[in-house]
Structures are given as C-alpha cells and as structure tokens.
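Enquirer: I need the structure of the sequence given here:
(chains A and B)
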2 protein chains.
Amino acid sequence: MPTARPVFFVSDHTGITAEIIGKSLLSQFPDVKFTYTSLPFVDTPDKVELTATSLREAWVTSGLRPLVFSTLTDVRARERIESSGALVLDIYGEFAGPLERELGRTAIPLRGRTHGIDDHTGYHARIDALNYTLATDDGLNTEKYALADLILLGVSRSGKTPVALYLAMQYGLRVANYPLTAETFELPGLPTCLQAHKARLRGLTLRPERLAQIRSERRPNSRYASLETCREELARATALMRAEAIPIIDTTQRSVEEIAALLNLSRQPSKTAGPDQTA
Amino acid sequence: MPTARPVFFVSDHTGITAEIIGKSLLSQFPDVKFTYTSLPFVDTPDKVELTATSLREAWVTSGLRPLVFSTLTDVRARERIESSGALVLDIYGEFAGPLERELGRTAIPLRGRTHGIDDHTGYHARIDALNYTLATDDGLNTEKYALADLILLGVSRSGKTPVALYLAMQYGLRVANYPLTAETFELPGLPTCLQAHKARLRGLTLRPERLAQIRSERRPNSRYASLETCREELARATALMRAEAIPIIDTTQRSVEEIAALLNLSRQPSKTAGPDQTA
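Expert: Next up is the predicted model:
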C-alpha cells in the first residue's frame, strides 16, 4: 500500500475556505491517497512555528513532500510556511495580483472576512434564514409562510429538512417544508395554508425503492417502510403536484448541495440553466 | 454612486466552490461595489454560449469588464468564456499545474466531484451526521449519546442548534445538544444522561445583554427575556460547567462557522492552536 501524501489546510481563521478549495482540487487525483490535517487559527508567530514543525514531521514520517493549502493573510507567516519546503498553494496570493490590476487597488486581506460575523457575507441574513427554516420544519408554523422564499413539499423522508437547512445556511433563503401525508391526499386539492403561496412551492420526489430503503433504516419491516406504501404515497404526491403545476425535483441521484443549487436557480427564471422536471 | 462591477460564478455543477472562493477573494476589496450572478449547471455548448452572451450584456450595461470565477472542467467551455474578454479566474486551471507536477500525474477534472453524491468527500457521513444531529436536538433521544462526537450544553437560545447543524454539515460530526434549564440547575451535578460522556461535553455561553436581546426577539417583555433572568441562568450554567471542568466557548462575538471550527479543533488536542476558555 502506498504512503498517503500529507495535506495541510492552514489558515489564520476557520480554514473552511482553504479546506473546500483544497479538497475540490485534490478530488481531481482520485488514485492518490491523502491524509488531511486542518490547522485553523494559526494567528501568532508561535503557531506559525509550530505549523512549520508539523510540516517537517509529516514530511519525515511519510517520506512525501507535504501539500499546503493556505489562506494565511500575513505575508511573513506565508513566507515562513513556504520556507519549510512544502508545496504551498496560496489562495489569496495566486489571485490577488490579477484582481488588484483589474480593480486598480490593493487587496486588504483582513483575517476572518469570509466566515466571520462581519455582515458583508450576509451572515445575519443566513442565521435569520436558518432560524426561520427550523421554526417552519415539517409543517410547523404555517402562519409564517408569507415570509418564505421557498416551501418544499414531499412525503415523509423525502429529504426536505436537509435541503431546507442547506438552502438557509448556504444561500440565506427562508425555506419552510410541509409533509404530504395520507391526510393531505384526502383533500380535494392543496391544503389551505399552501394555496396562497403556489409560486414558491417546490416538490421533492425520489424512486420508491430508495425511499423504502431510507424508511427501513428508521422503522424496519414496517408498513410505513414497505415498497408498496412508498410507491403509493409517491404516486399520490406526484399526481397532486402535477395537477397543481408545482415544479418537481427527483432527488434519487442528487446530493443535498445539488438539489439546493437547482432549487435556488428555480427562483430566478434563468437564461442559461434551469431545474429539470424529471418526475 | 459608482457602477457596481459585475461578477459571475460559472460552473458546470453547483457553483458552490466558485462562489465561496470568489466572495472570499473579493472581500479583500471592501470599497468596491460588486453585483453577483451565479450560473450553475453550465454543462452544454448552448449554455456556454448563453453565458458568454450574459457576460457581454453585463459589460455593456455596467461599462465595466466582468470578473468570472470559474470551476468549469471542460477545456473548450473554459476557452469560450475566456474569449468573451472578461477577466476569468480559473480555479482548477490555476492550481492544477503545480499539483500535477508534484503528484506526477494528470488531473482528471470530473464534474461534480466536490458537492456531489460521490462519497470521496464523505457525503453520506455528512448526511448521517445531520440526521443524528436533528434527532438529538434540544435534549431529544439522550439514549443515543454514546454515538455523539460532541454534546453541546447551554441555556435556551445560546446558539446550540445552528452550531450543531453546521458541525454536522461541514465537518460530518454527530453533535447532540442539551439545554441547561431551571430543572438542570436543581440537580446536585450533571444530569445522569450526560455523566458518562464528559469528555465530549462542550459549553456555549454569551454575554447576558446579547442573550436578553435574542430572547426578546422571540418573547418581548417576558420574564424569560429579562436581563435579570439571562444573567442568573448564565451564571448558573457557567458555575455548573466550571465545576465539571467542561470547556466553554463564548459565542458573543463569533460566527457559527468560527464556533464550529473552534469546537472541531477542541476534539483533537492540537499543538498549534486550541479553543479559548473565555468564560
């Protein structure tokens, strides 16, 4: 078995940006093994020295030159890490030059701008959205629906809550979700609380086999988890949503992030792309 | 008022990576105004053409050369966007070269590796963690605590739920949270359900003035939201957590992301950084 290449995410703040970029880039090398170490809050000369020591140790232990994805903002800290001999991929350093030339001013790399409490990234809006989304989970507080950016519909365990939470955290959207149940299906149309908000309704569906599998993890061998029940509920949900012309996304082969991106896109009629209507 | 510089996040997948990197880099230019457009799922020649058209239109409308943060994986698509004349910051292109040389192989930029359902990013672990975290919110299902990576403690509205959800989504950690209430404070020590898990307990605290403000948004002019109540509950919570030697993080001036990064760090005794014990 080959030794794993040591990879470090080094930052003077949370390190989240460095980690997302680094993992994204390394995913292009699927046959290389990596070990990941996150070193956030490297914000004093002492911690910079300790980071350099960790890099040297990893190099000795693995016999492989470490890769460093850095969002360090302090130039001297960056130079010290580079002097360790590791391959440093410096995210701010690489792109700051072209941006400075284009914008005609000098970059001010203040620490903590990206995942801090500072409101330029809409931090408070995202937290408000998250609180709204939690308060309106699973059909709660339908009287707040006038404030929703989106209202997700789907049968039990169709993935509404994770998608709603992700939309709140990543996009700052207020996303309610409402369960489609046997009671709903007995109504002549949409429940009253949804009727005034049709433009903001979106349906989630998935293949019955996958739903049965998900439900079985929660309640094995139950009627609730049986393929027959899943098939019937999904067919009724799809019929209802089609009758009401509600856009539907099939989540079977999609990650929460992909579903969220499609739903966000569906809010603004775009010229370049749109969610599919697969169901 | 100066015209805002048009910025595009262009991707053949969710575009989340491009957006995080782009906003992070542009935050270094706090006195420039930007307008953001996300163009995810640009995955056909037609959509590439429409993207090029949007760039030209934005240039004409604003009179300013558009900035493009791209994670397009198709070389021809990338070249077409570059031929529009916009300033293209190509995240894969920029770092792929040094990585290829160091790793001695060619990058395989398969679309959707980063925010897809593919398990190299631990997608299923993150979804499992999220489900665990939702199931153990606010003191629910304490019989599942043996499976927790962390258990957060704090008074009502101290920010436990958003932090727990973020830890689950970003770091794939199973994070329960348990409310400290008047009932808890009447016990001689920790509630029984917490005693076996002391190494995984973490406390959240904040300034009483801030807590009173947060609670007032929920229940204005209530005893619950009064500064006196907040002060008393926080003092009791801190006394309990100190007596039990539970690490405490003050959240008053910190974002959810910052708190999460500190808590994640607190799980592995690191040589380079550690959470503070401010309370």
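
Enquirer: residues contacting A:M169?
Expert: Contacts here follow Cβ atoms under 8 Å, 6 or more residues apart in numbering or on different chains; on that basis A:M169 touches A:126, A:129-130, B:165-166, B:169. (Glycine included, C-beta is placed from N, CA and C.)

Enquirer: to clarify, my last question referred to A:T61.
Expert: A:P6.

Enquirer: how about a cut-off of 10 Å?
Expert: Remark: with contacts taken as Cβ atoms under 10 Å, 6 or more residues apart in numbering or on different chains, A:T61 is in contact with A:3, A:6, A:35.

Enquirer: cool, and A:R56?
Expert: A:R56 touches A:66, A:84-86, counting by Cβ under 10 Å, 6+ apart.

Enquirer: now stretch A:231-249, how far from the centre of its chain.
Expert: 26 Å (Cα atoms, centre = their mean, to the nearest Å).

Enquirer: tell me which residues in stretch A:244-258 are buried?
Expert: By neighbour count on 16 or more other Cβ atoms under 10 Å in any protein chain shown, the buried set for stretch A:244-258 is A:246-251, A:254-258.

Enquirer: keep only those residues that also lie close to chain B.
Expert: A:251, A:254-258 (Cβ under 10 Å from any Cβ of the partner chain).

Enquirer: chain A: helices as residue ranges?
Expert: A:16-26, A:45-62, A:75-82, A:91-103, A:123-135, A:160-171, A:182-186, A:192-195, A:208-218, A:227-243, A:256-267 (DSSP state H).

Enquirer: re earlier: let's have the buried residues of stretch A:244-258 in a markdown table, adding pLDDT.
Expert: Compiled in a markdown table, the buried residues of stretch A:244-258 are given as follows (pLDDT from 0 to 100):
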| residue | pLDDT |
| --- | --- |
| A:I246 | 97 |
| A:P247 | 97 |
| A:I248 | 97 |
| A:I249 | 97 |
| A:D250 | 96 |
| A:T251 | 94 |
| A:R254 | 93 |
| A:S255 | 91 |
| A:V256 | 92 |
| A:E257 | 90 |
| A:E258 | 92 |
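
Enquirer: which single one of the residues you listed is nearest to B:G122?
Expert: A:S255 (11.5 Å; Cβ to Cβ).

Enquirer: the closest one contacts A:A261, correct?
Expert: Yes: counting by Cβ atoms under 10 Å, A:S255 touches A:A261, with 9.4 Å between them.

Enquirer: overlap of the contact sets of those two?
Expert: A:166, B:13-14, B:115.

Enquirer: neighbour-wise, which of those residues leads?
Expert: Counting neighbours by other Cβ atoms under 10 Å in any protein chain shown, B:T14 leads the shared contacts of A:S255 and A:A261 with 28 neighbours.

Enquirer: that residue and B:L39 touch, don't they?
Expert: No: using Cβ under 10 Å, B:T14 is not in contact with B:L39; the gap is 11.2 Å.

Enquirer: number of residues surrounding A:S70?
Expert: 27.

Enquirer: one step back: among the contacts of A:R56, which ones are buried?
Expert: By 16+ other Cβ under 10 Å, the contacts of A:R56 give A:66, A:84, A:86 as buried.

Enquirer: pick out the most distant pair among the shared contacts of A:S255 and A:A261.
Expert: A:Y166 and B:H13 (15.0 Å).

Enquirer: where do the domain boundaries of chain A fall?
Expert: Chain A breaks down into these domains under automatic domain parsing: A:5-103, A:122-267.

Enquirer: which of these sits closest to B:Q268?
Expert: Across those, closest to B:Q268 is domain A:5-103 (Cβ to Cβ), at 9.2 Å.

Enquirer: chain center to that closest one, what's the gap?
Expert: That offset, for domain A:5-103, works out to 23 Å (Cα atoms, centre = their mean).

Enquirer: before we move on, the earlier item: so what sits against both of B:T14 and B:L39?
Expert: By Cβ under 10 Å, 6+ apart, the residues touching both B:T14 and B:L39 are A:L265.

Enquirer: circling back to that earlier point, and the two most separated of the contacts of A:M169?
Expert: The distance between the two most remote of those (Cβ to Cβ) is 14.2 Å, for A:A129 and B:M169.

Enquirer: pLDDT weak spots in chain A?
Expert: A:1-2, A:110-114, A:117-121, A:269-279 (pLDDT under 70).

Enquirer: thinking again about what came up before, Throw the contacts of A:M169 into a markdown table and include distance to A:E102, thanks.
Expert: Output for the contacts of A:M169, formatted as a markdown table (distance: Cβ to Cβ, whole Å):
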| residue | distance to A:E102 |
| --- | --- |
| A:R126 | 28 |
| A:A129 | 32 |
| A:L130 | 35 |
| B:L165 | 37 |
| B:Y166 | 34 |
| B:M169 | 34 |
